[in-house]
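# Got a predicted structure here, sequence first:
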Amino acid sequence: MTMLWKWSSGVCVLVGLLLTACASLPGALPALAVHDLGRLDSALPASGRTADWTPRAIEVVPAPWLVGNGMTYRLIYAQPTRRHLFQESRWVAPPAQLVELILGRALTGGRGACRLRVDLDEFIQVFDAPADSRGVVEARAWLLAPLTEEVLARRAFHLEVPARTPDAPGGVLALREAVIQLHHELSGWLETQDQAEAPGAGSPRVRCRP
């Protein structure tokens, strides 16, 4: 009888330990939201420029802090020097690859000899207050001559778009709109390079034509 009691007590203790261990296990991990910039066919029609040339290729080069696919944000009001990562949201690919895919489809047409390099310096959601954020894109464009890679023209771009909601999905939409604006500004800038008056032998109007 004593033996049976000891055995029953041991079973109860073991069951209690198992129940405690199960209760301490973390719950199911939240689903990871993976974002891209969506379909932009209607917002970015294939190059409608009337110039005699378009860049033969576009390369978007990321800053070192933009090489991953993490979705970053900054709390200006609390920690202005710190970059944070959304834990449950990611880009489907590094931002520079997403931007390059979009700009390449919209701005290249195979009718030019020059190459366009875009240095992507910033691609982030910035919170000025807990409920107030914006998407920020900073880039520098370099129009490079064929063969020599000589810089024919350059320009810096800074774009900001308010986010509709103070969260990762709101930041995605704001950054999407900023990329659309970057496309339009790049396209207009290339147009001015083609229409510059009195072109010399080293001007983009001459060097970039096929």
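Everything's here; your move. Numbers count the residues shown, from 1 in each chain.

# What is the biggest helix by length in the chain packed up against?
For the chain, the helix that runs over the most residues, judged by DSSP state H, is helix 168-195. Packing partners of helix 168-195 (3 or more C-beta pairs under 8 Å, 6 or more residues apart in numbering; DSSP states H and E): strand 33-35, strand 70-75, strand 79-91, helix 95-107, strand 115-129, strand 132-144, strand 151-162, helix 204-207. For glycine as for every other residue, the C-beta is placed from the backbone atoms N, C-alpha and C.

# Tell me the buried residues in it?
Neighbour counts over helix 168-195 (16 or more other C-beta atoms under 10 Å) mark 168, 170-180, 182-183, 185-187, 189-190, 193-194 as buried.

# how big is the angle separating it from strand 79-91?
If you take axes from the mean of the first three to the mean of the last three C-alpha atoms, to 10 degrees, helix 168-195 sits at 90 degrees to strand 79-91.

# low pLDDT regions in the chain?
For the chain, the stretches with pLDDT under 70 are 1-30, 41-52, 109-110, 196-202.

# Would you point out which residue is most central in it?
When the chain is reduced to its mean C-alpha position, the closest residue under C-alpha atoms, centre = their mean turns out to be Pro95, at 2.9 Å.

# quick one, what contacts the closest residue to that residue other than its chain neighbours?
Leaving out its chain neighbours, the residue that sits closest to Pro95 by C-beta to C-beta, 6 or more residues apart in numbering is Phe123, at 4.2 Å. Contacts for Phe123 (C-beta atoms under 8 Å, 6 or more residues apart in numbering) come out as 66, 72, 95-96, 99, 136-138, 175.

# For Val137, see how far away Phe123 is.
As judged by C-beta to C-beta, to the nearest Å, Phe123 and Val137 stand 6 Å apart.

# and if you look at Leu175?
7 Å.

# Tyr77 - that's part of a helix, no?
No: counting by DSSP: H, G, I helix; E, B strand; the rest coil, Tyr77 falls outside a helix, being coil.

# Count residues in the vicinity of the closest residue to it other than its chain neighbours, would you?
Excluding the flanking residues, the one nearest Tyr77 by C-beta to C-beta, 6+ apart is Ala129, at 5.5 Å. Residues near Ala129, counting by other C-beta atoms under 10 Å, number 11.
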